[in-house]
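*Asks:* from the sequence below, what's the structure:
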Amino acid sequence: MNKKEDFAHEKIRQTVRDGYAEIAQKGRGCGCGNSKPKKFAEAIGYCVDELDALPEGANMGLSCGNPTAIAGLQPGEVVLDLGSGGGFDCFIAAKKVGADGLVIGVDMTAEMLSKSRKSIPVFAKKTGLDNVEFRLGEIEHLPVADNSIDVVISNCVINLSPDKEQVWWEIGRVLKPGGKVCVSDLALKEELPGEVKDAVEALVGCIAGAIRIDRTITMMKDAGLTDIKTNEKKYEMDVKDNCNDKFYNAIRDKLPAGRKLSDYVVSADFTAYKKN
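*Replies:* Predicted coordinates for the structure are as follows:
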């Protein structure tokens, strides 16, 4: 990577940091923000029992799927969540892996990290579990040892990265041989209009960085992952139309007349394994 590309990538990361710092402080999410996060989470595949066990504030409406549901997590596993935010999926995964397991969340936004760490004692009191930790870091350079993770999960985050190929290489590095990756993310059905793609709101709102499913599959293969499966979700982006989310509303206002966000973007699940 040359200096010009490196500068451009860091500019994107800083824009995302700033946007998600605001979300952490003010409670707005690229899903339903602080409007109706529980209803939104149920609409994209979370069950009531999972949501009721969460510390207050962990569900920030930042999801586009439920990677813990497709991961088939087992007691004793070590799980890594890329872009853990307020700890939403980490706390759900922690209940599934139990006291003998461990869940590590990585996020590059200090404000999100502070929010998630404050929820650890609340979660421990609710569940009796002390098996979650949160680390500051970028998903392109994970603060995690080689071959140390059983399952990598991520929820509506890899689309935010300016170097997705490097993210998939990192996933391959940290997974144990035979380990599994389960990602829920946004993918393009057709190219976004230029005005939308260039908008800051579209970047922070989880839209501008989305790519086609076949490009993601190529990156996964290049990173040494096998048995790749994808599932395009029936849930449509238009579930956000009733959300009080300034980022989503700004994106919607830039769409051509008569077009919906779901005409361009879909939620998709990706699963794969690292070679033994």
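*Asks:* report pLDDT for the closest residue to Glu138 other than its chain neighbours.
*Replies:* Leaving aside its sequence neighbours, Glu138 sits nearest to Met108 (C-beta to C-beta, 6 or more residues apart in numbering; 4.8 Å). Using the backbone N, CA and C atoms, a C-beta is placed for each residue, glycine as well. On the pLDDT scale, Met108 is placed at 91.
*Asks:* surely Met108 and Ser84 touch.
*Replies:* No: using C-beta atoms under 8 Å, Met108 makes no contact with Ser84, being 10.2 Å away.
*Asks:* more neighbours, those two?
*Replies:* Ser84 (30 against 20; other C-beta atoms under 10 Å).
*Asks:* phi and psi next, for that one.
*Replies:* Here is the backbone geometry of Ser84 (degrees, to the nearest 10): phi -70, psi -10.
*Asks:* so it versus Glu133, what's the distance?
*Replies:* For Ser84, the distance to Glu133 equals 10 Å [C-beta to C-beta, to the nearest Å].
*Asks:* between the two, which contacts overlap?
*Replies:* Gly105 (C-beta atoms under 8 Å, 6 or more residues apart in numbering).
*Asks:* quick one: the strands in this structure?
*Replies:* 78-82, 102-107, 132-136, 149-155, 175-188, 225-232, 265-274 (DSSP state E).
*Asks:* now distance to Lys126 and mean neighbour count too, for the ones you listed, in CSV please.
*Replies:* Below are those laid out as CSV (distance: least, C-beta to C-beta, whole Å; neighbours: other C-beta atoms under 10 Å):
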stretch, distance to Lys126, mean neighbour count
strand 78-82, 19, 27
strand 102-107, 15, 26
strand 132-136, 12, 19
strand 149-155, 21, 26
strand 175-188, 25, 22
strand 225-232, 31, 14
strand 265-274, 28, 22
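*Asks:* among these, which comes closest to Gly65?
*Replies:* strand 175-188 (2.6 Å; C-beta to C-beta).
*Asks:* what about the protein, any weak spots by pLDDT?
*Replies:* The model of the chain has pLDDT under 70 over residues 1-9, 11-16, 18-64, 194-208, 234-251.
*Asks:* what segments of it are helices?
*Replies:* 3-26, 37-43, 48-52, 67-71, 88-97, 110-127, 164-174, 194-197, 200-204, 213-222, 246-253 (DSSP state H).
*Asks:* what is the burial count for Thr68?
*Replies:* Thr68: 29 neighbours (other C-beta under 10 Å).
*Asks:* what residues are up against it?
*Replies:* Contacts of Thr68 (C-beta under 8 Å, 6+ apart): 50, 89, 92-93, 96, 153, 182.
*Asks:* what's the answer for Gly101, then?
*Replies:* 73, 75-79, 94, 131.
*Asks:* let's see it at 7 Å
*Replies:* Residues in contact with Gly101 (C-beta atoms under 7 Å, 6 or more residues apart in numbering) are 75-79, 131.
*Asks:* pipe those residues into JSON lines and attach distance to Val174 per row.
*Replies:* As requested, the contacts of Gly101 are exported to JSON lines (distance: C-beta to C-beta, whole Å):
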{"residue": "Pro75", "distance to Val174": "21"}
{"residue": "Gly76", "distance to Val174": "18"}
{"residue": "Glu77", "distance to Val174": "14"}
{"residue": "Val78", "distance to Val174": "10"}
{"residue": "Val79", "distance to Val174": "11"}
{"residue": "Asn131", "distance to Val174": "18"}
